[in-house]
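# Sequence below, structure please.
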Amino acid sequence: MSFREAIEGYFKEKKAEGMFIVLDHTPRVLQDVGVPDFPVLISPQTVKKAIFPAGNTGDNYHGLGVNMMERLPDLISDPEIVMNSLSHPQDSVVIVTGERDKENRPVVAAMQVDRTARSNFLYVTSNVIASVYGRENFESFLKDNIAAQSLLAFKNKKDRLCLNRGLQLPDIRSADRMIIIRDRAQNVNGLQERISRLRTNKVKNPEAYEEMVLQGRREIERAVFSRTRTADAVVNIQEGGSSRMNNEVTLQGKLVDEVQLETSKNGKHFARGKLAIEQAHGEEVKTHTYPFTVFGAVAEQLADYKAGAQLEVAGQLNRDDYTTAEGERRTSFSIVGREVKRPQEVGSKNAIKLSGFVQSQAEDGSLELKTSQDGKTQFVNFGLAVKRDSFHREGEPKSKAQYDTFYLTAFGDAAKQIVSSYHKGDLAEFHGNVNMGKNGISPIATSGKMIREASVIQDAQADRAAENENVQSAKSERVHTN
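Here you go, the predicted model:
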């Protein structure tokens with residue numbers, strides 16, 4: 001029996017055997033924000049309250065009418081906004097539909113998640129629609145939810161309900177699609193504390209309340225930009241992309257000297273070489289030399305090349321900080337090669353792809369858009385903590401997760417998008433090219449994307465936490481020794 005037939009039968013016979021089945025499965029958009037895939041149910045009493053005219057009796061009726069309620073399955077399958085409930089954040093979500101009631105108020109549905117309910121004489125685990133009604137004071141309601149950072153997803157379209165005065169979100173091209181902001185379960189832990197601050201600040205500290213709204217809007221804006229593709233901006237990871245962390249660099253240049261195969265303690269071959277790379281600096285062309293190491297079959301392949309051979313080396317970029325005999329701190333870069341080949345086209349193919357945790361020196365964790373001294377160019381400098389992958393020197397044991405901090409620069413539109421999209425601690429991947437200078441390799445970011453695959457985030461956060469623990473432990477040991 002369809003939901004429409006169940007409603008018609010209820011009003012005809014004035015009885016129902018338990019709850020109505022709205023949908024056999026939870027809509028995909030709700031699953032995407034962490035709502036489990038159970039049947040969606042609603043009680044006859046809730047249907048009655050939603051349909052009957054307001055003020056009909058002493059009960060709280062909402063006057064939505066039969067026609068709108070019969071379309072409830074479609075309305076919750078294609079919502080405008082999905083958010084955690086502020087009144088019941090642990091177990092409920094609020095779905096803002098694309099409909100309005102007779103008073104022109106947005107129609108919302110409150111859903112209780114993972115409940116046991118009776119339907120057709122059986123008790124089933126389900127998600128239960130607890131109420132459907134037109135939301136009064138919607139602008140204030142939405143503003144509170146933005147301040148509490150309870151929004152989980154919203155539809156990006158020009159006429160979306162959240163385009164109220166003072167709450168405009170960025171204009172972007174990919175219209176009429178859902179933007180997933182966060183997972184429901186991951187949001188619950190800090191949400192209760194934010195709700196408490198929201199309620200206190202709204203009454204006692206309006207400035208702090210407005211600051212919470214601003215921070216909430218920034219979170220939404222970052223979610224928007226992280227899924228928007230522009231020429232030099234952020235790519236949409238939902239349309240494909242890496243499911244692993246990346247540290248990849250491709251450099252093209254000339255082999256400085258012939259290399260000799262060496263053998264590790266374990267009897268494995270490796271080879272060390274240097275790549276001379278020419279790059280223009282204004283009208284002057286300078287040559288920069290960078291070391292690289294390759295192992296196994298790639299090392300054997302490298303030994304066949306003569307000095308001066310044009311090569312393309314692809315591999316992992318490592319950063320090494322050291323102190324000179326004079327006590328001066330310096331940084332050097334090296335490459336652990338995965339592939340060595342002759343380039344198909346001789347030119348300056350210097351590309352880089354780095355994944356890691358965004359770093360910022362600002363107290364609020366934001367990135368700062370700067371302007372060059374001549375006022376012509378906008379740019380941003382930021383750090384990226386990048387994990388060294390499984391490549392290691394032969395004969396040495398694999399160490400625990402280690403992170404190198406690379407400092408990237410972006411210019412123009414790419415800089416603007418990165419500043420708007422990223423924040424300290426974000427796990428992200430940046431693409432770009434490599435600038436050669438006296439201080440070594442300088443990555444130039446031309447595009448980026450937020451990494452949201454749960455397994456990748458969890459692994460990276462665990463590695464990062466383990467590394468921080470190791471650093472703190474080492475500091476404690478040094479203090480104890482001293």
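# Could you give the number of residues near residue 188?
Residues lying near residue 188 (other CB atoms under 10 Å) number 15. To be clear about C-beta, it is placed using only N, CA and C from the backbone, and glycine gets the same treatment.
# And the pLDDT at it?
What the model reports as pLDDT for residue 188 is 78.
# And the one 3 residues further on, by the same measure?
In this model, residue 191 is scored at 89, pLDDT.
# mind listing what residue 90 touches?
Residues counted as contacts of residue 90 (CB atoms under 8 Å, 6 or more residues apart in numbering) are 188, 192.
# again, 6 Å this time
Going by CB atoms under 6 Å, 6 or more residues apart in numbering, residue 90 touches no other residue.
# Ok, residue 251 next?
Residue 251 sits next to 275, 313, 350 when contact means CB under 6 Å, 6+ apart.
# Residue 27 - nearest residue in space that isn't next to it in sequence?
Spatial nearest neighbour of residue 27, chain neighbours left out: residue 77 (4.1 Å); criterion: CB to CB, 6 or more residues apart in numbering.
# wait, residue 34
Residue 34's closest residue in space is residue 184 (CB to CB, 6+ apart), at 3.6 Å.
# Touching, the one you found and residue 30? I think so.
No: contact criterion CB atoms under 6 Å: residue 184 and residue 30 do not qualify, at 8.8 Å.
# sorry, back to before: who are the contact partners of the residue nearest to residue 34?
By CB under 6 Å, 6+ apart, residue 184 lies in contact with 33, 34, 152.
# for the second one, phi and psi?
The one in question is residue 34. phi 100, psi 10 (degrees, to the nearest 10).
# Now for residue 306, how many residues are close by?
Neighbour tally, residue 306, other CB under 10 Å: 8.
# How about residue 272?
14.
# Repeat that for residue 89.
Count around residue 89 with other CB under 10 Å applied: 20.
# Would you quantify the distance from it to residue 197?
13 Å (CB to CB, to the nearest Å).
# On the three-state scheme, residue 365 is what?
coil (DSSP: H, G, I helix; E, B strand; the rest coil).
# Now do the buried residues in stretch 403-417.
Using 16 or more other CB atoms under 10 Å as the test for burial, stretch 403-417 gives 403, 404, 406, 408, 409, 410, 411, 414, 415, 416, 417.
# should've said stretch 247-258
Those would be 247, 248, 249, 250, 251, 252, 253, 254, 255, 256, for stretch 247-258 by 16+ other CB under 10 Å.
# now these in TSV, with pLDDT and secondary structure?
Listed next are these as TSV, based on pLDDT from 0 to 100; DSSP: H, G, I helix; E, B strand; the rest coil:
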residue	pLDDT	secondary structure
247	79	strand
248	81	strand
249	85	strand
250	86	strand
251	86	strand
252	86	strand
253	86	strand
254	90	strand
255	91	strand
256	90	coil
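# Between the residues you listed, which sits nearest residue 292?
Closest to residue 292 out of the buried residues of stretch 247-258 is residue 251 (8.0 Å), distances taken as CB to CB.
# and the closest one, bridged to which residues?
Beta bridges link residue 251 to residue 313, judged by DSSP bridges.
# gap between it and residue 342?
Applying CB to CB, the value for residue 251 to residue 342 is 14 Å.
# what does residue 420 give?
41 Å.
# Likewise for residue 210?
From residue 210 to residue 342 the distance is 60 Å (CB to CB).
# So those two - more neighbours on which side?
With neighbours defined as other CB under 10 Å, residue 210 and residue 342 compare such that residue 210 has more, 14 against 11.
# how far does the helix or strand the more buried one falls within sit from the chain's center?
Secondary structure from DSSP states H and E places residue 210 in helix 206-225. Remark: helix 206-225 is offset 16 Å from the chain centroid, using CA atoms, centre = their mean, to the nearest Å.
# and if you look at stretch 405-414?
18 Å.
# mean confidence score for it?
Mean per-residue pLDDT for stretch 405-414: 88.
# which residues touch it?
Contacts of stretch 405-414 (CB under 6 Å, 6+ apart): 232, 377, 379-386, 418, 443-446.
# how big is the angle separating whichever helix or strand residue 185 is part of from helix 206-225?
Counting by DSSP H and E, the element that carries residue 185 is helix 184-204. Between helix 184-204 and helix 206-225, the angle comes out at 150 degrees (axes from the mean of the first three to the mean of the last three CA atoms, to 10 degrees).
# Buried ones in helix 184-204, by neighbour count?
184, 187, 191, 194, 195, 198, 201, 202.
# rewinding a little: of the contacts of stretch 405-414, select the buried ones using a PyMOL command.
Buried members of the contacts of stretch 405-414, defined by 16+ other CB under 10 Å, are picked up in PyMOL with:
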select buried, resi 232+379+380+382+383+384+385+386+418+443+444+445+446
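# Show me the contacts of stretch 405-414 that map onto helices.
residue 418 (DSSP state H).
# Assess the claim that residue 201 and residue 210 are in contact.
No: Residue 201 lies out of contact with residue 210 (CB under 6 Å); the separation is 8.7 Å.
# coming back round to it: so which of the buried residues of stretch 247-258 comes closest to residue 302?
residue 255 (8.2 Å).
# list the contacts for that closest one?
305, 307, 309, 311.
# residues near the closest residue to it other than its chain neighbours, how many?
Nearest residue to residue 255, sequence neighbours excluded (CB to CB, 6+ apart): residue 309, at 4.8 Å. Here the number of neighbours of residue 309 (other CB under 10 Å) works out to 14.
# try residue 87
8.
# Doesn't it belong to a helix?
No: with three-state DSSP as the criterion, residue 87 is coil rather than part of a helix.
# How confident is the prediction for it, by pLDDT?
The per-residue pLDDT reported for residue 87 equals 92.
# again, but for the one 10 residues further on
pLDDT, the model's per-residue confidence, is 93 for residue 97.
# and it, what element?
Using DSSP H and E, residue 97 falls within strand 92-100.
# Sheet-wise, list the partners of that strand with their directions.
Assessed with DSSP bridges, strand 92-100 is paired to strand 81-84 (antiparallel), strand 106-119 (antiparallel).
# Could you list the low-confidence segments of the stretch 51-200 of the chain?
55-59, 120, 156-177 (pLDDT under 70).
# quick one: pLDDT of residue 3?
So residue 3 comes in at 83 (pLDDT).
# hmm, back to that, tell me the one among the buried residues of stretch 403-417 nearest to residue 119.
Of all the buried residues of stretch 403-417, residue 119 sits closest to residue 417, with 48.3 Å by CB to CB.
# will you turn the buried residues of helix 184-204 into JSON lines that also has distance to residue 320?
Converted to JSON lines, the buried residues of helix 184-204 look like this (distance: CB to CB, whole Å):
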{"residue": "184", "distance to residue 320": "43"}
{"residue": "187", "distance to residue 320": "39"}
{"residue": "191", "distance to residue 320": "42"}
{"residue": "194", "distance to residue 320": "42"}
{"residue": "195", "distance to residue 320": "47"}
{"residue": "198", "distance to residue 320": "47"}
{"residue": "201", "distance to residue 320": "47"}
{"residue": "202", "distance to residue 320": "51"}
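# re the thing from before, shared neighbours of residue 89 and residue 197, anything?
By CB under 6 Å, 6+ apart, no residue touches both residue 89 and residue 197.
# which among the contacts of residue 251 gets closest to residue 69?
residue 350 (61.0 Å).
# if I pick that closest one, what's in contact with it?
251, 433, 434.
# pLDDT below threshold where in the stretch 201-350 of the chain?
Judged by pLDDT under 70, the stretches of the stretch 201-350 of the chain that qualify are 221-246, 280-282, 321, 344-349.
# Which residue ranges of the stretch 201-350 of the chain form strands?
In the stretch 201-350 of the chain, the strands defined using DSSP state E, counting those that start in this stretch lie at 247-255, 262-263, 269-281, 284-295, 310-323, 329-341.
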